[in-house]
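Peer 1: sequence unknown, structure follows:
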């Protein structure tokens, strides 16, 4: 079966392998150019002042050190492209692309740092030093463009379905669903999953039925989406940190590709998005909210808001995830919340929702909210995404309430996806001290947040996630939490019966449904397997079953006999 699968995709696999081979070769040529540039920087040191000469030596050393790593990287890449994957003669294209992406990103950082620093320092340098640095600066600029082009081509490459399926098989056991339109993989661990604490035992038969049906429905030949993680962090967060492994692995199995757009490092939209659109692939922008209390937080929020506003004006599909903001507490508007105006919404990011509860004699305050059932509006006008998460536990850390704006634009149809439980929950105005305290130390605080402050407010309707569609066809999803995407919330395990299970699978289901809906693939939004596999009739506990058996076997005959005695006594 695997041999037939590879034979069918032989042309696509060969083309992808050739593309990655050329990328490795081009990276090697870039390394040679970096070494030549380092030599040019050393030659320019003689005409530079001591401070500039020291900087030139530093950049030359960094360029050589980075270039020296390239031969080992290209050799490892050649091994990946020549290896046997899952006992078959298939290149490990996912590993090769991951290696290329991480390496090109690191090389480009070194080149960009040197180019930016030399551009600033050469303006104040002497004429002779400036003249000697001019060729090196030009080479660095060309190198940066070359590496950016290579990175975009690698990120835009579509991996053959057969190789993705084989990768899933190599990592763990999986069910392969093969069809003329593609391949889908269902992990065995997704089938045999113990119930989370307090949840009913899943019906394995119905779970398999739903998983396989969903996989078949997804093989309709639809173009694979590209997910663009957009953020204002001063560093790249997608490669190496493992912040989104849970969502990324799930969406990759469904054919999605992920790229990163760090708007502070690369103000221009990645070139890979244009290539994806040219191939007819939908591009979905996932925007990560910004903590305004951090270093240069206000500037980063403004930059993110400008990018989101531009995307919405162009009608791009956007999944916007809002973070709590300190700006409203200072009497200023949250720029990222202000961009929701054209969508007919307003977000109260200055007062995240907390919830109080008691454990014994202790009063605790929760900043994370676990939701099991989505809620529509009082009129029942719920979002189509609600079906994807019905009955599946979902975790939202530090959520903010999102409401319909006064005089909302009628061309934007907003529908709620999630509502919080109003019991013992409120919007907290003085939350920053609780936020900066470590999570493990918050239960130990003697003075915890409580409702009733001058800046506090009631929960209200409590909607925290919305889907919006405009008359123009543009779509957006807004979630009043940004940490729900990260593994700390989306991939939180618990031990049940000696096995590790996920306590918040709804996070992944909501993300997958949102990407499909934003990509215009409404038919791909299917009920979550975890919800569909919940038994309609729960199994009877052994003690209750034993009691019922005695009632049937002995209780009914004795009852009939007693009834007969009563009738005989009454009638004489």
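Peer 2: Looks like it arrived, so ask away. Keep in mind that what you see is a predicted model, and the values were worked out from it rather than measured. Numbering: from 1, shown residues only.
Peer 1: Check which helices and strands the longest helix anywhere in the chain sits against.
Peer 2: Determined from DSSP state H, the single longest helix within the chain is helix 10-44. The contact analysis (3 or more CB pairs under 8 Å, 6 or more residues apart in numbering; DSSP states H and E) places helix 10-44 against helix 50-68, helix 70-82, helix 93-122, helix 127-156, helix 161-171. Where you see a C-beta, it was placed from the backbone N, CA and C, and this is true even at glycine.
Peer 1: neighbours around residue 55, how many?
Peer 2: 17 (other CB atoms under 10 Å).
Peer 1: Is it correct that it is in contact with residue 121?
Peer 2: Yes: look at residue 55 against residue 121 with CB atoms under 8 Å: they come within range, at 6.2 Å.
Peer 1: Tell me the spacing between the closest residue to residue 132 other than its chain neighbours and residue 128.
Peer 2: Leaving aside its sequence neighbours, residue 132 sits nearest to residue 44 (CB to CB, 6 or more residues apart in numbering; 3.8 Å). Residue 44 sits 9 Å away from residue 128, going by CB to CB, to the nearest Å.
Peer 1: Straight-line length of stretch 5-13, end to end?
Peer 2: End-to-end distance for stretch 5-13: 11 Å, by CA to CA, to the nearest Å.
Peer 1: Can you get me the start-to-end distance on stretch 386-401?
Peer 2: End-to-end distance for stretch 386-401, by CA to CA: 17 Å.
Peer 1: what is the rounded mean pLDDT of that stretch?
Peer 2: Averaging pLDDT along stretch 386-401 yields 86.
Peer 1: Distance of the closest residue to residue 190 other than its chain neighbours relative to residue 204?
Peer 2: Of all residues not flanking residue 190 in the chain, residue 211 sits nearest, at 6.3 Å (CB to CB, 6+ apart). As judged by CB to CB, residue 211 and residue 204 stand 10 Å apart.
Peer 1: ok, now residue 448?
Peer 2: Taking CB to CB as the measure, residue 448 falls 42 Å from residue 204.
Peer 1: and the two? which has more neighbours close in?
Peer 2: residue 448 (17 against 12).
Peer 1: now that we're looking at the closest residue to the more buried one other than its chain neighbours, which residues does it contact?
Peer 2: Of all residues not flanking residue 448 in the chain, residue 365 sits nearest, at 4.6 Å (CB to CB, 6+ apart). Residue 365 is in contact with 354-356, 434, 442, 448-450, counting by CB atoms under 8 Å, 6 or more residues apart in numbering.
Peer 1: residues shared between the contacts of residue 211 and residue 204?
Peer 2: With CB under 8 Å, 6+ apart as the test, residue 211 and residue 204 both reach residue 191.
Peer 1: just so I have it, where are all the helices in the stretch 251-400 of the chain?
Peer 2: 271-278, 297-313, 335-338, 386-389 (DSSP state H, counting those that start in this stretch).
Peer 1: Run through the neighbouring helices and strands of the first one.
Peer 2: Using 3+ CB pairs under 8 Å, 6+ apart as the contact definition, the elements that helix 271-278 packs against are helix 127-156, strand 226-231, strand 257-262, strand 283-288.
Peer 1: show me where pLDDT drops low in the stretch 401-550 of the chain?
Peer 2: For the stretch 401-550 of the chain, the stretches flagged by pLDDT under 70 are 407-410, 495-501, 524, 526-543.
Peer 1: mind listing the strands for it?
Peer 2: Under the criterion DSSP state E, counting those that start in this stretch, strands of the stretch 401-550 of the chain are mapped to 402-404, 412-419, 425-427, 457-458, 463-470, 475-479, 493-496, 499-502.
Peer 1: In CSV: the ones you listed, plus mean neighbour count.
Peer 2: Output for the strands of the stretch 401-550 of the chain, formatted as CSV (neighbours: other CB atoms under 10 Å):
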stretch, mean neighbour count
strand 402-404, 21
strand 412-419, 22
strand 425-427, 22
strand 457-458, 13
strand 463-470, 23
strand 475-479, 25
strand 493-496, 12
strand 499-502, 15
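Peer 1: Determine which of the helices of the stretch 251-400 of the chain approaches residue 223 most closely.
Peer 2: Closest approach to residue 223 among the helices of the stretch 251-400 of the chain (CB to CB): helix 271-278, 8.8 Å.
Peer 1: what about stretch 299-316, distance to the chain center?
Peer 2: Mean-position distance between stretch 299-316 and its chain equals 19 Å (CA atoms, centre = their mean, to the nearest Å).
Peer 1: For burial, what's the neighbour tally of the residue lying closest to residue 61 once chain neighbours are set aside?
Peer 2: Nearest residue to residue 61 in three dimensions, chain neighbours excluded: residue 38, at 7.6 Å (CB to CB, 6+ apart). A total of 23 residues lie near residue 38 under the criterion other CB under 10 Å.
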